[in-house]
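# give me a model of this one.
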Amino acid sequence: MRKEPQPAPKTSVHITLMAESSSLRVVGGLISPGSIGLALYLELLDLQRASPGLVVRHRFASDSEVLDGVLHNRYELGLVTLRPDDPRLAASLFAEEPLELVVPAGDGGEAWADLERLGFIDHPDGQAMATRLLSRRFPGHPGIRHLPLRGFSNQIGLLLEPVARGLGFTVIPRYARQAFARQEVIRVVAGGEPVVDTLWLIHRAEWPLSSRARRAVDHLRARISPAVEPQ
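Numbering: from 1, shown residues only. Modelled structure (predicted):
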């Protein structure tokens with residue numbers, strides 16, 4: 001499968017795993033891209049319910065903090081979209097996540113004219129993601145900057161609300177779409193060769209993971225698909 005170059009996302013999710021008896025100083029932790037972070041957070045809440053004393057804390061941070069935080073031992077684990085070449089980091093394939101064209105349920109999206117009529121709901125990575133996907137779906141058309149802009153949001157959990165209300169379309173990663181509660185009011189427009197981001201799990205190469213981190217990784221790997229599923 002052909003892969004596009006992967007731009008670094010502008011936001012990321014920070015999840016810290018601590019035992020109840022730990023001090024408030026950050027120990028361990030997981031940082032991941034914002035889209036898959038929505039799925040990871042829900043799965044970690046399930047793990048927390050089954051693990052008395054485990055605390056899950058969640059925040060957004062810049063993508064550069066993923067590498068920096070793991071390299072400087074502020075966080076034990078990270079997820080990135082580009083495999084790092086730093087010998088201090090060990091990296092393994094965690095999952096693949098395609099971009100999706102999402103429109104209001106019952107609306108179009110198969111033709112460029114549909115997108116011109118609907119207009120674009122933008123987000124911090126929206127222009128780049130839409131360019132990567134729409135250039136494959138609609139070769140020869142002028143591109144996302146020539147479509148009407150209907151709105152913008154930097155809240156990934158709310159990004160599909162204007163789409164659900166019929167105000168436009170957007171392009172987002174699959175895990176962000178799957179986290180939206182009202183799937184019946186949106187629709188993914190299938191077709192064409194997928195545009196896929198690869199997610200790499202990283203940690204410091206020179207020492208083993210803690211038992212807490214290994215348990216969290218095993219839990220997440222069992223529940224997050226490692227590869228793209230057909231649309």
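
# could you measure from the residue nearest to residue 117 when sequence neighbours are not counted over to residue 74?
Distances taken as C-beta to C-beta, 6 or more residues apart in numbering put residue 108 closest to residue 117, at 7.4 Å, once the chain neighbours are dropped. From N, CA and C alone the C-beta is placed, and that goes for glycine too. Residue 108 sits 47 Å away from residue 74, going by C-beta to C-beta, to the nearest Å.

# what is the mean pLDDT for stretch 108-124?
What stretch 108-124 shows for mean pLDDT is 94.

# repeat that for stretch 188-197.
Mean predicted lDDT for stretch 188-197 stands at 90.

# for the helix ranked longest in the chain, packing partners?
Criterion DSSP state H: the longest helix present in the chain is helix 34-49. Of the remaining helices and strands, those touching helix 34-49 by 3 or more C-beta pairs under 8 Å, 6 or more residues apart in numbering; DSSP states H and E are strand 12-19, strand 30-33, strand 54-61, strand 89-104, strand 170-173, helix 174-178, helix 211-221.

# what mean pLDDT does it get?
Mean predicted lDDT for helix 34-49 stands at 87.

# mind listing what's buried in it?
34-41, 44, 47 (16 or more other C-beta atoms under 10 Å).

# now the helices and strands packed on helix 34-49 as JSON lines including mean neighbour count and distance to residue 133?
Output for those, formatted as JSON lines (neighbours: other C-beta atoms under 10 Å; distance: least, C-beta to C-beta, whole Å):
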{"stretch": "strand 12-19", "mean neighbour count": "21", "distance to residue 133": "21"}
{"stretch": "strand 30-33", "mean neighbour count": "28", "distance to residue 133": "17"}
{"stretch": "strand 54-61", "mean neighbour count": "14", "distance to residue 133": "24"}
{"stretch": "strand 89-104", "mean neighbour count": "20", "distance to residue 133": "5"}
{"stretch": "strand 170-173", "mean neighbour count": "26", "distance to residue 133": "5"}
{"stretch": "helix 174-178", "mean neighbour count": "22", "distance to residue 133": "12"}
{"stretch": "helix 211-221", "mean neighbour count": "16", "distance to residue 133": "26"}
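
# which of these sits closest to residue 164?
strand 89-104 (6.7 Å; C-beta to C-beta).

# given the closest one, what are its sheet partners and their directions?
strand 170-173 (antiparallel), strand 186-188 (antiparallel), strand 196-204 (antiparallel) (DSSP bridges).

# next structured bit after that strand?
The helix or strand immediately downstream of strand 89-104 is helix 112-118, counting by DSSP states H and E.

# give me the residues contacting that following helix.
Residues outside helix 112-118 that contact it (C-beta atoms under 8 Å, 6 or more residues apart in numbering): 103-104, 107-109, 134, 138, 141, 147-148, 150, 168-169.

# most neighbours among these, please name it.
residue 169 (26 neighbours; other C-beta atoms under 10 Å).

# could you report the pLDDT at that one?
At residue 169, pLDDT is 97.
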